[in-house]
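S.K.: Got a predicted structure here, sequence first:
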Amino acid sequence: MIADAGFIDPLQLFVDLVKDKVVPQGVTETNFASSGTLFFQEKVAMWVSLSYPGAFQQGMKVRDDFPVGYGLFPRQDKPSGSAPPASMIMTPTAAFMITSLSQRRDVALKYIDFWAQPDTEKGWDGSFVLGRVPALKANWETDTFKQKYPDWQALYKAGKMFDGAQPMPGFPGLSEAEKALNTAMQTAVLGKASPKDALAAGAKSAQAIVDEFNF
């Protein structure tokens with residue numbers, strides 16, 4: 001999919017934004033943390049983010065009345081990709097696995113059960129950590145969540161909070177394949193190749209990695 005039009009068109013947009021000098025110059029990587037820092041330092045007007053702005057604002061001790069607002073990134077009326085566009089990527093707030101080597105699975109299960117309780121997870125409803133959606137349904141119904149995230153609560157109650165959401169992909173070789181994608185993006189942003197050619201090369205490299213890991 002890396003060489004698909006659904007990747008080529010967004011990368012062309014990135015290249016155009018750099019050429020038009022509407023992004024900080026010298027940026028050749030998707031440095032998420034630095035982008036968020038620049039945003040709350042009022043050095044950039046927009047930040048392509050997930051649900052982290054509240055956590056950044058809290059961690060950087062930014063004033064409560066900082067003018068921050070959320071919105072979906074604009075999309076084409078007729079998406080060019082072969083797959084439906086996604087509005088968000090979902091990852092677990094906390095995830096645990098018990099390996100086959102475990103000698104005390106009963107204790108491990110008790111430990112997991114502890115972390116799966118609403119009282120243990122209440123920090124994610126805005127009680128302690130801001131800007132992250134809770135993992136448990138019970139935490140979506142707390143008074144704290146309703147107070148701090150009325151818009152999210154309304155979407156959740158209407159059954160629309162996760163429209164267009166996709167789970168974070170996971171397969172052997174993913175991290176290495178992502179490096180191939182990053183290299184392709186850098187190549188295009190630096191003007192060394194067109195987005196189409198850069199992503200074609202990235203797809204070839206990524207496929208070789210995935211084939212090796214899944215041999």
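M.R.: Received the coordinates, thanks. Numbering: from 1, shown residues only.

S.K.: Identify the residues contacting the residue most central in space within the chain.
M.R.: Central residue of the chain (C-alpha atoms, centre = their mean): L50, 4.8 Å from the mean position. L50 makes contact with 88-89, according to C-beta atoms under 8 Å, 6 or more residues apart in numbering. For the C-beta atoms, the positions are set from N, CA and C on the backbone; glycine is no exception.

S.K.: Tell me the buried residues in whichever strand or helix holds D9?
M.R.: D9 is located in helix 5-19, with elements delineated by DSSP states H and E. For helix 5-19, burial by neighbour count (16 or more other C-beta atoms under 10 Å) applies to 6-8, 10-11, 14-15, 18.

S.K.: give me the low-pLDDT residue ranges for this structure?
M.R.: 26-30, 93 (pLDDT under 70).

S.K.: List the contacts of V68.
M.R.: For V68, the contacting residues are 53, 57, by C-beta under 8 Å, 6+ apart.

S.K.: how about the strands in this protein?
M.R.: For the chain, the strands defined by DSSP state E cover 88-90, 165-167.

S.K.: To P134, which of those strands lies closest?
M.R.: Nearest of the strands of the chain to P134, taken as C-beta to C-beta: strand 88-90 at 12.1 Å.

S.K.: List the contacts of the closest one.
M.R.: Here strand 88-90 makes contact (C-beta under 8 Å, 6+ apart) with 50, 162, 164-168.

S.K.: Stretch 142-160 too?
M.R.: Identification of contacts with stretch 142-160 by C-beta under 8 Å, 6+ apart yields 70, 122, 125-127, 130, 133-134, 139-140, 161.

S.K.: can I see the domain layout of this protein?
M.R.: 5-81+169-213, 91-165 (automatic domain parsing).

S.K.: to the chain's geometric centre, what's the distance from the shortest one?
M.R.: Taking the mean C-alpha point of domain 91-165 and that of its whole chain, the gap between them comes to 17 Å (C-alpha atoms, centre = their mean, to the nearest Å).
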